[in-house]
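A.B. asks: give me coordinates for this.
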Amino acid sequence: MSDNGNTFGDCAPAWAHGTGELELGRVQPVPTTLERAVDRIMVVETLYRYGLAYDERRRDVLEDVFTEDAVFAGSVSGHSDFREEGREKVVSWLCGIWVTQTDQRRHLMTNPIVQKLTDDSCEVIAPFALCASATETSLVTTGIYRFDLVKRDGRWLIQYIYDGLDRPF
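C.D. replies: Numbering: from 1, shown residues only. Model prediction:
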């Protein structure tokens, strides 16, 4: 995604909170069971697996991390919304972006915060930086992900992603 001459305006401080796309919750209690602690680890692993699958152009792994009814939505600084629905459409859309990228991309998700966790659902916020390497390495954009995951057949899968880009990539 590039700005293609479009004007997105400035990236205002706290735009995600200001537009209602990010609702940072209060500190969660320490897990009291081993199962709940393991769920937190496995949820974050699913997020990292998504990022690396995209970067390594692994369609098969992308298909594996999403639910059949997955939704991928997002915006650039709260403007220019985009949305894809259904695993096949989401994965095809993501793979379609690859043809425009001749460099090596790396999604660096940092400081994931588990907002809510139940036995079969989870909400996570993860800030990210997107880097690209060809002859040199550069920062492409930054942003915030919001993920909703569900546990199906003993695996945490992504049902919804909000990709809040600070600037176009």
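A.B. asks: and the longest strand seen in the chain, what's buried?
C.D. replies: Secondary structure assigned by DSSP state E gives strand 137-152 as the longest strand of the chain. The neighbour-count check on strand 137-152 (16 or more other Cβ atoms under 10 Å) flags 140, 141, 142, 143, 144, 145, 146, 147, 148, 149, 150, 151 as buried. C-betas here are computed from N, CA, C, even on glycine.
A.B. asks: residues touching the first one, list them.
C.D. replies: When contacts are counted by Cβ atoms under 8 Å, 6 or more residues apart in numbering, residue 140 is found next to 105, 130, 131, 132, 169.
A.B. asks: pLDDT value on the last one, please?
C.D. replies: Spelled out, that is residue 169. Note on residue 169: pLDDT of 76.
A.B. asks: apart from its chain neighbours, what residue comes closest to the most centrally placed residue in the chain?
C.D. replies: Nearest residue to the geometric centre of the chain (Cα atoms, centre = their mean): residue 145, 4.2 Å. Closest residue in space to residue 145, ignoring its immediate chain neighbours: residue 126 at 4.6 Å, by Cβ to Cβ, 6 or more residues apart in numbering.
A.B. asks: ok, which pair from the contacts of residue 140 is furthest apart?
C.D. replies: Maximum pairwise distance among those (Cβ to Cβ): 10.5 Å, between 131 and 169.
A.B. asks: more neighbours: which of these two?
C.D. replies: More neighbours surround residue 169 than the other of residue 131 and residue 169, with 19 against 16 (other Cβ atoms under 10 Å).
A.B. asks: much appreciated, bye for now.
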